[in-house]
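Novice: Return atomic coordinates for the entry below.
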Amino acid sequence: MARVTLTVDADLAAIVQAILRWAGHPGGRAAEPDPRTAADHLDAWRAALEAEGRSPKHVELFTGRARRVVALAMGAPLCDIEPARNATRAEIALAGAHLARWVGEARMDHLTVERVQGALQRLRQAGRSNATANHHRAAIRAFSRWCHETDRTPSHWLARLKGYNAAADPRHERRTLAVEQLRRLIAAAESGPTVLGVDGPTRALVYRLAVGTGLRYSEIASITAEQVRGSRIDLKASQTKNGREARPPLAARLEGELAARAARIGAGPLFRLPPDKGANLVRADLERAGIPYRTADGVFDFHSLRCQTATLADVAGISPRVVQRLMRHSTPGLTDRYTRVRAEELTAAVERLPDLRSDPHPPPPPTRT
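Specialist: Presented below is the predicted three-dimensional model:
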């Protein structure tokens with residue numbers, strides 16, 4: 001192929017050379033190799049997320065997943081880079097060191113679509129759910145998109161990564177409770193002992209707040225007394241999962257109780273909740289209430305209270321559009337995933353269908369002797 005000769009001004013020539021270089025045309029002069037490793041770009045991405053005001057938990061979770069995918073793409077054994085849930089501090093530190101070493105050896109050109117797709121597949125082969133693989137896919141694709149938007153790479157090269165059908169591989173199906181059971185749970189918490197440093201009345205109020213607003217455990221834990229503003233709570237972008245400010249409304253029955261609690265505290269956290277222990281708190285109160293944690297319909301944990309919000313709103317006949325806004329979901333389909341229909345409700349529904357027999361009032365069947 002003939003070499004291209006440029007006769008235009010220097011700025012345009014540089015642009016054309018860049019285009020030719022990315023296209024693999026010999027008229028494009030070879031670029032200087034990027035001395036930065038994938039770890040350098042990942043660190044810069046983390047700093048950018050922090051600068052956007054994302055919560056520390058979100059930043060750690062999102063970047064941690066991306067780093068795990070990079071390490072797996074480089075050939076790291078998952079057991080070496082991901083400590084067990086009951087790991088000691090020394091084991092956690094060792095896994096972190098292994099992860100840093102594998103990521104530190106990666107260059108951006110190592111992270112091809114094929115290798116990254118293979119890394120996601122290795123997660124599944126190691127027993128992780130399709131939903132977990134999809135969470136990792138979302139993280140590494142977000143990194144790829146950011147690299148393109150900040151001119152670190154010529155394209156969003158991981159946009160073609162394939163996802164997996166989470167519905168075909170349920171691992172942690174959640175259920176909701178009947179209203180009577182929900183009241184029993186809250187009553188058990190109200191009269192219960194202190195669990196993980198949280199007294200019973202506080203747990204009961206937290207559960208009611210979760211159902212009444214759809215707030216997540218981490219969001220409730222982050223609320224300060226100053227953020228209780230009459231009939232609403234003002235959340236900063238750094239406190240929410242989607243990184244956007246939120247002002248969930250409060251029903252009158254919650255407004256007075258939260259206002260009194262905020263006035264009593266004055267400043268600081270409205271609830272002092274242990275990090276990532278919402279499921280443990282709920283499980284303790286389920287046991288006191290005599291309600292099983294797991295049934296054939298699924299488990300009931302703290303996040304199930306958020307499902308309860310959507311389900312009760314749906315049963316109350318509230319418009320799907322309003323429920324979507326209340327749940328702060330981006331699409332109606334996501335809200336629909338949070339709505340749970342109980343077997344008793346299905347039975348009641350079919351009983352309300354018309355009787356199509358020719359004689360809708362037949363005589364009762366004969367008594368057997």
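
Novice: and residue 51, how many residues sit next to it?
Specialist: Here the count is done by other Cβ atoms under 10 Å, and residue 51 has 8 residues near it. Heads up, the C-betas are built off the backbone N, CA and C, glycines and all.

Novice: Remind me which helix or strand residue 156 belongs to.
Specialist: Here residue 156, judged by DSSP states H and E, is contained in no helix and no strand.

Novice: and it, what does it touch?
Specialist: Applying Cβ atoms under 8 Å, 6 or more residues apart in numbering, we find residue 156 in contact with 141, 144-145, 147-148.

Novice: Please apply the same query to residue 262.
Specialist: 225-226, 228, 270.

Novice: With residue 218 instead?
Specialist: When the contact criterion is Cβ under 8 Å, 6+ apart, the partners of residue 218 are 55, 57, 241, 275-276.

Novice: cutoff 7 Å now
Specialist: Contacts were defined as Cβ atoms under 7 Å, 6 or more residues apart in numbering; by that measure residue 218 touches residue 57.

Novice: Can you mark which positions in the strand or helix carrying it are buried?
Specialist: Element membership of residue 218, judged by DSSP H and E, is helix 217-222. In terms of neighbour count (16 or more other Cβ atoms under 10 Å), helix 217-222 has its buried residues at 217-222.

Novice: hang on, the earlier thing: make JSON lines out of the contacts of residue 156 and add secondary structure, distance to residue 265 and pLDDT.
Specialist: Formatted as JSON lines, the entries for the contacts of residue 156 read as follows, by DSSP: H, G, I helix; E, B strand; the rest coil; distance: Cβ to Cβ, whole Å; pLDDT from 0 to 100:
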{"residue": "141", "secondary structure": "helix", "distance to residue 265": "41", "pLDDT": "97"}
{"residue": "144", "secondary structure": "helix", "distance to residue 265": "44", "pLDDT": "96"}
{"residue": "145", "secondary structure": "helix", "distance to residue 265": "41", "pLDDT": "96"}
{"residue": "147", "secondary structure": "helix", "distance to residue 265": "44", "pLDDT": "95"}
{"residue": "148", "secondary structure": "helix", "distance to residue 265": "46", "pLDDT": "94"}
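
Novice: Quickly name whichever of those is closest to residue 234.
Specialist: Proximity of these to residue 234 was ranked by Cβ to Cβ; the top entry is residue 145 with 30.2 Å.

Novice: now residue 199: how far from residue 265?
Specialist: Shown here: residue 199 relative to residue 265, a distance of 14 Å by Cβ to Cβ, to the nearest Å.

Novice: do residue 122 as well
Specialist: If you go by Cβ to Cβ, the gap between residue 122 and residue 265 works out to 48 Å.

Novice: Check whether residue 151 sits in a helix, strand or coil.
Specialist: When classified by DSSP: H, G, I helix; E, B strand; the rest coil, residue 151 comes out as coil.

Novice: Quick check: buried residues in stretch 255-262?
Specialist: For stretch 255-262, using 16+ other Cβ under 10 Å, the buried residues are 255, 258-259, 262.

Novice: Oops, could you answer that again for stretch 74-92 instead?
Specialist: Judged by neighbour count (16+ other Cβ under 10 Å), stretch 74-92 contains these buried residues: 74, 76, 78, 81-83.

Novice: For it, measure first residue to last.
Specialist: Distance between the boundary residues of stretch 74-92 (Cα to Cα, to the nearest Å) amounts to 20 Å.

Novice: next one: the helix holding residue 218 to chain centre, how far?
Specialist: 14 Å (Cα atoms, centre = their mean, to the nearest Å).

Novice: Could I get the average pLDDT for it?
Specialist: Within the predicted structure, the mean pLDDT of helix 217-222 is 94.

Novice: Of the contacts of residue 262 - the most surrounded one?
Specialist: Highest neighbour count within those: residue 270, with 23 neighbours (other Cβ under 10 Å).

Novice: Next up, the contacts around the nearest residue to that one once chain neighbours are set aside.
Specialist: Of all residues not flanking residue 270 in the chain, residue 223 sits nearest, at 4.5 Å (Cβ to Cβ, 6 or more residues apart in numbering). For residue 223, the contacting residues are 233, 270-271, by Cβ under 7 Å, 6+ apart.
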